[in-house]
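Participant: The following block contains a protein sequence and its predicted model.
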Amino acid sequence: MRAVVQRVEEARVEVNGLAVGSVAKGLIVFLGVGREDHEADAAYLAEKIAGLRIFEDEAGLMNLSVMDVGGAVLCISQFTLFGDARKGRRPGFSAAAAPAEAERLYEMFCARLRERGVTVETGRFQAMMRIPVVNDGPVTILLDSKKQF
């Protein structure tokens with residue numbers, strides 16, 4: 001499972017011109033589910049992201065988590081995180097999980113964050129989405145449950 005985590009001042013997701021989720025201060029998480037991913041991957045990344053210390057404390061150091069600052073998470077499913085463009089110019093997506101399994105693990109990831117007390121908003125699985133984001137920093141962290149990077 002892969003995640004692109006960005007610290008945001010605000011973010012929202014729109015489907016067909018209608019806002020379906022939004023957060024103020026917090027994180028936007030683009031989450032990709034791979035063919036080899038399981039429940040343990042969802043649990044690992046949820047715990048990692050909930051406790052990820054990327055918000056500044058009173059000394060200006062990144063020592064606080066989204067939970068510490070009372071922030072929320074906007075989670076967007078993004079299978080293209082498993083795109084492989086090493087050959088040619090058109091990415092292949094054979095490493096991405098099948099839609100039913102990807103949705104199940106995506107929902108599990110969101111549920112695990114909520115269990116930790118994090119407010120979670122979501123997009124719509126497999127929908128074409130428009131995502132306006134105001135980055136804070138910018139701060140962007142790449143995570144992989146298999147620890148490949």
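Facilitator: On my side now, so go ahead. Residues are numbered from 1 along each chain as shown.
Participant: Tell me which other helices or strands the lengthiest helix in the chain touches.
Facilitator: Ranked by number of residues, the top helix in the chain under DSSP state H is helix 99-115. In terms of contacts (3 or more Cβ pairs under 8 Å, 6 or more residues apart in numbering; DSSP states H and E), helix 99-115 is packed against helix 39-51, strand 72-77, strand 119-122. The C-beta positions use only the backbone N, C-alpha and C, and glycine is treated the same way.
Participant: Quick one: the ones you listed as a markdown table, columns for distance to residue 19, mean neighbour count and mean pLDDT too.
Facilitator: As requested, the helices and strands packed on helix 99-115 are exported to a markdown table (distance: least, Cβ to Cβ, whole Å; neighbours: other Cβ atoms under 10 Å; pLDDT from 0 to 100):
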| stretch | distance to residue 19 | mean neighbour count | mean pLDDT |
| --- | --- | --- | --- |
| helix 39-51 | 23 | 18 | 98 |
| strand 72-77 | 11 | 24 | 98 |
| strand 119-122 | 10 | 18 | 98 |
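Participant: Looking at the ones you listed, which is nearest to residue 136?
Facilitator: strand 72-77 (13.0 Å; Cβ to Cβ).
Participant: what is the orientation angle of the closest one with helix 99-115?
Facilitator: Relative orientation of strand 72-77 and helix 99-115, computed by axes from the mean of the first three to the mean of the last three Cα atoms, to 10 degrees: 170 degrees.
Participant: now what about strand 72-77, what contacts it?
Facilitator: 8, 11-13, 21-33, 49, 66, 102-103, 106, 109-110, 113, 118-123, 125-126, 129, 131 (Cβ atoms under 8 Å, 6 or more residues apart in numbering).
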